[in-house]
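any chance you could fold what I've pasted below:
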Amino acid sequence: MSHPDIQTNREAVEDKRVKAEVFLPDDYRPVEDEPFMNERQLEYFRRKLVDWRDDLLAGSRDTIEGLQDGTRAIPDVADRASEETDRALELRTRDRQRKLVAKIDQALRRIEEGEFGYCDVTGEPISLKRLDARPIATMSLEAQERHERREKVHRDD
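Take a look at the predicted model:
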């Protein structure tokens with residue numbers, strides 16, 4: 001026999017799956033004159049984040065394959081140094097992208113939890129233009145600028 005809270009939880013999960021199937025025209029773009037973070041906007045940002053994450057992960061797979069294929073003995077010292085430098089740069093880039101994937105996953109969780117699109121500092125809506133440009137944003141532009149000014153002041157001390 002299942003516990004009533006578990007049953008309610010399962011129903012909530014099913015509701016989220018049904019909501020995830022929101023119709024979204026290919027040319028849809030969020031606009032200011034519709035309700036903020038309505039189902040269509042949330043689906044737009046969810047798809048944008050998932051596509052971004054998929055692209056990053058595909059690039060990582062390509063890098064791993066390239067690094068495995070590229071393991072060969074290069075007799076010329078300069079050529080070998082150049083290749084090692086290229087590999088190190090590629091690995092640093094992939095590390096940054098790995099961190100970006102984690103931020104994308106956090107943004108997708110915020111969508112599921114109903115917190116996406118709102119500033120962590122002020123609780124106010126983040127502008128749609130900012131979210132469209134940087135869907136992993138967690139602060140409004142004003143809060144982000146204040147944060148960066150404070151960081152700069154503390155760095156300069």
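
phi and psi next, for the nearest residue in space to Gly117 that is not next to it in sequence.
Nearest residue to Gly117 in three dimensions, chain neighbours excluded: Met37, at 4.5 Å (CB to CB, 6 or more residues apart in numbering). Glycine gets a C-beta too; all of them are placed from N, C-alpha and C. Main-chain torsions, Met37, degrees, to the nearest 10: phi 60, psi 40.

just checking, Met37 touches Glu113?
No: at 11.9 Å, Met37 does not count as touching Glu113 under the criterion of CB atoms under 8 Å.

let me see the mean pLDDT of stretch 32-42.
The average of the pLDDT scores along stretch 32-42 is 96.

list the buried residues of the longest helix seen in the chain.
If you go by DSSP state H, the chain has its longest helix at helix 77-113. If you call a residue buried by 16 or more other CB atoms under 10 Å, then helix 77-113 has these buried ones: 94, 97, 101, 103-104, 107-108, 110-111.

distance to Leu128 and pLDDT added to those, as a markdown table?
A markdown table is the format used below for these (distance: CB to CB, whole Å; pLDDT from 0 to 100):
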| residue | distance to Leu128 | pLDDT |
| --- | --- | --- |
| Arg94 | 31 | 84 |
| Gln97 | 25 | 91 |
| Val101 | 23 | 96 |
| Lys103 | 19 | 97 |
| Ile104 | 18 | 98 |
| Ala107 | 15 | 98 |
| Leu108 | 18 | 98 |
| Arg110 | 16 | 97 |
| Ile111 | 15 | 97 |
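
re earlier: now for the longest helix of the chain, which elements pack on it?
The helices and strands touching helix 77-113, judged by 3 or more CB pairs under 8 Å, 6 or more residues apart in numbering; DSSP states H and E, are helix 39-69.

quick one: buried residues of the helix it packs on?
Going by neighbour count (16+ other CB under 10 Å), the buried part of helix 39-69 is 40-46, 49, 52-53, 56, 63.
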